[in-house]
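[1] The following block contains a protein sequence and its predicted model.
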Amino acid sequence: MIEIVAWLIPVPPLLAFGLIILFTNRSNRLSHVIGIGGMLIAWALAMSTFFYAVSGGELPVTTDVQWLPTGDTSLNIGTWIDPLTAVTLFFVAWTMLAIFVYSVGYHNFGKAGDSKDRPGLPPHAGGIEPMYARFFAFISLFAFGMLALVVTDNLLVLFVGWEIMGFCSYLLIGFWYGKDSAKAAMVKAFMTTRVGDVFMLLGLAYLYTLTGTLTYSEILFNPETLEMLATTPSVLGAGTSAAALIALLFFIGTVGKSAQWPLHTWLPDAMEGPTPVSAMIHAAAMVSAGIYLILRIFPLITAGWHHGDPLTEIMVIISFVGAFTALFASTLAVGQNDIKRVLAYSTISQLGYMVAAVGIGAFVAAAFHLITHAFFKALLFLGSGSVIHGVEHGAHESGDHINPNDMTHMGGLRKKMPLTFWTFLIGGLTLSGFPIITAGFWSKDEILAEAFGTSHLAIFVVLALAALITAFYTGRQITMTFLGKARSKAAEHAHESTWTMTVPLVVLAFFSVVIGWAGVPKGFPVLSSFVPNWVHEFVDSTLLEHSEVLEFNPVPLIVSVGVALGGLLVGFLMYRKLEAGAPDPLARLGRVYVWIQNKYYFDELYDFLFVRPAYWFAETFVYRGIDRRVIDGFLHWVASLAGRLGGWLRNKIDIPIVNGSGDFVGEGIKTAGREGRVIQTGRIQTYLIAGVIFVGALLSYIFFLL
Amino acid sequence: MTGPQIIFLAVGAVTLIAAIMVVTVPRLVHAGLWLILALAGIAVLFILLDNGFLAVIQVAIYIDAIAILIIIGVMLTRTAMSDTARQINRMWLGAAFACLVIMAGLLAIVSQAPTATAGLLVEDQVSMEALGRVLVDVDGFILPFEVASVLLVAALVGAILVAMTPARGD
Amino acid sequence: MVPLSWFLILAAAIFSVGLFGVLARRNAIAILMGIELMLNAVNLNLLAFWRYLWSDSLTGVVFIMIVLAVAAAEVAVGLALIISIYRRRSTVVVEEIDLLKW
């Protein structure tokens, strides 16, 4: 039973996509009903799978069908339900469902369409989105991609789901394709993740070459295969094992998809898309897929490594990239004034946490943070969307047309949008790791504890620093947006959003608080005696080699509590008195602030290094040089050759020979006739003479010869 | 050489010479007269062949009718070609050759035929009465007789029609 | 008696002479005379054969009579034709009566 359910989970969103695209594109109500309906069915199936898994069902649950015969063997595809899959399904289903419902209100369903609205541009404040049905089709396809990626049992289908999501992110980031900035952003997102995907494909191919299969059960959970991969030297020569190289290639895929440094530049620009899209991509699905991947291939990354050993090179690379990204992105978040961009950099930073956790071998911590992050980041994004809507409406009403995303024009929204405020506050506190009551505290603390407990102090310090800055910018964001006085007329006239937008916020806030309590570490004072570390036990059973539970150490706990509260406080204090038009207090940092605001000029660097040479190559070299000169030149030459050949054939062969022979026949007959008609003299005597001679000859022949 | 043979040779020579004259003489009226002589010679030869009836017929029809008609025709068309104009056409050599060929052929055939027997005795079944009867006898030659008469009528009508001057509008 | 072959030879000679007249004379009436000679030669031939071989039956005589009649008719019609042509084209020279040439 559960096997069939596992197969069916990705199907309803796919059907919804097909139905909306083909049939119900005109009807907005029908489209969102089908879209949400599809997601609801998938949610129900996912939840039933989750409950099966947590209630002691036999795991892993696998099914397999032969799909691509390749000689004697065949490539199989199928489903794989193990604890990691189960918890991923849990958060994916809930967050996606919340986003689907939220989209109804975000795109102003039920409001009249403004006749000045055109498809491809965001609607004027309060009007329904012109491409409403299309949006639901796209996010349904996106949901399909993510769910397929999660339930599959082999890396090929994972890659397929990965690419589907990449494509959908392209479509959705550029949903408002009328805006030039959106067009640039969609291409940038696709191209940057593509760089990662190419390396991932190389990893897939290399893996397949070495093992002949891509199924989890045969690679990741097969000790012999892992042993073989760990000991085989890779094509790069001695020193690196095949497993390390494959893991590195896959990791580069994650770097692209989860926007780690250096492939992070696409994610802030991806804020051009509608807010549900940002939530989907940056919380629920796409970036989570990157982390899911490295969690999946954790056995490959840690092939040949055991707990307590020094880290292998690949793990060093991973943890370094993760930690660096965490710190790097958090510093960038500090300088942003756009409410969504702060969250974007925050996502990059938190993903860095998870990557670093995987790098140091803390599988469970990374998975736990993935789950909590999905909930609170989705919550924060959807909350920001609600804020933007409110400010937009206020701008429309008051006639004060400001950029609704800009936090410097907000303030005092606590009174105007209370539900949004409280849920956003919960999300922000979770992000900062506010102690005890928020889930973020538990998951972030676990990572810090792992880092400290396994003596990776450099990682620990960097991550703690990042946590401090995270708390700071979160405090800054909440203060600037909701507290203090309204800094613009638009903010004064803002109002709360509809229930379709606020109910998902409440649901996500609930989970943001509650989930954490399922992962209380062992040995935690007081609380651990009430609640076992269910997350650790459950998720850890995914791996073949179970990790040891660390001894409880108060140092990381104190550090994380300290940085969380401290950061929040500093942020609050610095920004609560911010006046409209006043410069950002951080501007006192001078040069550094400028650098931060310009994102350390990474975009300019990439443009110079990669984009412009690519354009030059395409335009000048390939197009003008090869295409026009060589290929077209060749074609023109062939054409002229054909022309000349045709002319020669006509003049030398066709006219003299063909026409000539025809004419010859005609002329010949005419000449023969002209010569021959002389016989007809008209004189009887001539005929008679001829007749007589002929008769004589005939008779002589008859009488003398016969 | 018996009597009939001598007569035959003489008459034959005359006929032949007359024939040759017919075709070579430039003046047409003279040619007509020579034709009459040739026809007369033929009539004598008919008598030699014990067929006096046909000899009379020959004289009556050929000489009295046909030859006279021809001479009248010559006189009617005299202005068209004078007797001093060329009478033999340019192909006479070819014609002569053809005639010689025919002659030679006929002679060859004649010499081949095993019929050089001397004459047979005449029998009395050939009489005028018998001839008259057989011409109208149903088991005899009534059909050729009648057809010949039809032919004569047709020729008569046709000749009149052809030679008639264009209608005078009556 | 006169041998049959003499008659036949004579008839052949007259026939050839007549033939020469037909083929070589320019005047249409002269041609007609030649035709008459040819017909007479044929008559002579027929009579000779009748006399020497089948003198007991009258078939030969009747044949000759028919030929005679036909010859007469033919002369009449021929002369009529010649007169008619003379009337229209004012010529009796057969070389000039060549409308059917190319």
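    Sure, I can see it.

[2] which residues of chain B fall in helices?
    Ranges of helices within chain B are B:3-24, B:28-48, B:52-57, B:68-76, B:92-112, B:128-136, B:142-163, based on DSSP state H.

[3] residues near A:Val658, how many?
    For A:Val658, the neighbour count with other CB atoms under 10 Å in any protein chain shown is 11. Where C-beta positions appear, they are placed from N, C-alpha and C, glycine not excepted.

[4] got a pLDDT number for it?
    We have a pLDDT of 84 for A:Val658.

[5] Isn't A:Met574 up against A:Pro585?
    Yes: look at A:Met574 against A:Pro585 with CB atoms under 8 Å: they come within range, at 5.1 Å.

[6] more crowded one of those two?
    A:Met574 (17 against 14).

[7] give the contact list for the more buried one.
    A:Arg476, A:Thr479, A:Pro585 (CB atoms under 8 Å, 6 or more residues apart in numbering or on different chains).

[8] got a list of what the second one touches?
    What it means is A:Thr479. Applying CB under 8 Å, 6+ apart, the residues near A:Thr479 are A:Gly571, A:Phe572, A:Met574, A:Tyr575, A:Arg576, A:Leu578.

[9] From chain B, how far off is the third one?
    Meaning A:Met574. 142 Å (CB to the nearest CB, to the nearest Å).

[10] Equivalent analysis for the fifth one, please.
    For A:Arg576, the distance to chain B (CB to the nearest CB) stands at 143 Å.

[11] hang on, isn't that residue packed against A:Thr481?
    No: with contact defined as CB under 8 Å, A:Arg576 does not reach A:Thr481; the gap is 11.6 Å.

[12] out of the two, which sits in the more crowded spot?
    More crowded of A:Arg576 and A:Thr481, by other CB under 10 Å: A:Thr481, with 27 against 14.

[13] Check whether the more buried one really touches A:Ile339, as I assumed.
    Yes: counting by CB under 8 Å, A:Ile339 is a contact partner of A:Thr481 at 6.4 Å.

[14] Identify the contacts common to the two.
    A:Val387, A:Met407, A:Met410.

[15] for these, which one is nearest C:Ile9?
    A:Val387 (147.9 Å; CB to CB).

[16] and residue 95, what is it in contact with?
    Reading this off chain A. A:Ala279, A:Met280, A:Ala283, A:Ala284, A:Ala374, A:Phe375, A:Ala378, A:Leu508.

[17] meant chain B actually
    A:Gln685, A:Ile689, C:Leu19, C:Phe20, C:Leu23, C:Ala24.

[18] Of the residues you listed, which belong to helices?
    Using DSSP H, those in helices are A:Gln685, A:Ile689, C:Leu19, C:Phe20, C:Leu23, C:Ala24.

[19] Can you lay out those as TSV showing pLDDT, distance to B:Ala95 and neighbour count?
    Converted to TSV, the ones in helices among the contacts of B:Ala95 look like this (pLDDT from 0 to 100; distance: CB to CB, whole Å; neighbours: other CB atoms under 10 Å in any protein chain shown):
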residue	pLDDT	distance to B:Ala95	neighbour count
A:Gln685	86	7	22
A:Ile689	87	6	23
C:Leu19	94	8	27
C:Phe20	94	6	26
C:Leu23	92	3	26
C:Ala24	91	4	26
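
[20] Also near chain B: which of those, exactly?
    A:Gln685, A:Ile689, C:Leu19, C:Phe20, C:Leu23, C:Ala24 (CB under 8 Å from any CB of the partner chain).

[21] Go ahead and confirm the fourth one touches B:Gly94.
    Yep, that's C:Phe20 we're talking about. No: here C:Phe20 does not reach B:Gly94: they are 10.7 Å apart, not a contact under CB under 8 Å.

[22] what about stretch B:42-55, how long is it end to end?
    8 Å (CA to CA, to the nearest Å).

[23] The ones next to chain B among the ones in helices among the contacts of B:Ala95 into CSV, with extra columns for distance to A:Asp603?
    Output for those, formatted as CSV (distance: CB to CB, whole Å):
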residue, distance to A:Asp603
A:Gln685, 116
A:Ile689, 115
C:Leu19, 124
C:Phe20, 125
C:Leu23, 120
C:Ala24, 122
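
[24] Need the overlap of contacts for A:Arg576 and A:Thr481.
    In contact with both A:Arg576 and A:Thr481: no residue, using CB under 8 Å, 6+ apart.

[25] For chain C, which residues are neighbours of chain A?
    C:19, C:22-24, C:31, C:94-95, C:97-102.

[26] Please dump these into TSV; it should also carry distance to A:Ile21 for every row.
    Listed next are those as TSV, based on distance: CB to CB, whole Å:
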residue	distance to A:Ile21
C:Leu19	107
C:Val22	106
C:Leu23	104
C:Ala24	108
C:Ile31	106
C:Val94	102
C:Glu95	101
C:Ile97	98
C:Asp98	95
C:Leu99	92
C:Leu100	90
C:Lys101	90
C:Trp102	86
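
[27] Drop anything exposed from those residues.
    Among these, those buried by neighbour count (16 or more other CB atoms under 10 Å in any protein chain shown) are C:Leu19, C:Val22, C:Leu23, C:Ala24, C:Ile31, C:Val94, C:Glu95, C:Ile97.

[28] Contact partners for C:Ile31?
    Contacts of C:Ile31 by CB under 8 Å, 6+ apart are A:Gln685, C:Gly21, C:Val22, C:Arg25, C:Val94.

[29] and if we set it to 6 Å?
    C:Val22, C:Arg25 (CB atoms under 6 Å, 6 or more residues apart in numbering or on different chains).

[30] What strand or helix carries the residue nearest to A:Phe472 when sequence neighbours are not counted?
    Excluding its sequence neighbours, the residue lying closest to A:Phe472 (CB to CB, 6 or more residues apart in numbering or on different chains) is A:Gly567, at 4.1 Å. A:Gly567 is part of helix A:554-575, with elements assigned from DSSP states H and E.

[31] May I see the buried residues of that helix?
    A:556-557, A:559-561, A:563-568, A:571-572, A:574-575.

[32] Going along the chain from it, find the next helix or strand for me.
    Immediately after helix A:554-575, counting by DSSP H and E, sits helix A:591-597.

[33] list the buried ones in that next one?
    Those would be A:Tyr593, A:Ile596, A:Gln597, for helix A:591-597 by 16+ other CB under 10 Å.

[34] So what touches it?
    By CB under 6 Å, 6+ apart, helix A:591-597 touches A:Leu332, A:Gly335, A:Leu586, A:Ala587.

[35] Now the very next helix or strand once past it: average pLDDT?
    Heading C-terminal from helix A:591-597, the first helix or strand you meet, by DSSP H and E, is helix A:602-606. Helix A:602-606 carries an average pLDDT of 83.

[36] now do stretch B:62-71
    91.

[37] In CSV, could you pull the C-alpha coordinates for that stretch?
    Taking Å, rounded to 0.1, in the frame of the first residue of the first chain, the C-alpha atoms of stretch B:62-71 are listed here in CSV:
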residue,chain,number,x,y,z
TYR,B,62,-13.5,0.0,-133.6
ILE,B,63,-13.0,1.5,-137.0
ASP,B,64,-16.4,3.0,-137.6
ALA,B,65,-17.0,4.3,-134.1
ILE,B,66,-13.9,4.5,-132.0
ALA,B,67,-11.3,5.5,-134.5
ILE,B,68,-13.7,8.1,-136.0
LEU,B,69,-14.4,9.4,-132.6
ILE,B,70,-10.8,9.7,-131.9
ILE,B,71,-10.2,11.6,-135.0
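
[38] All good on my end, thank you.
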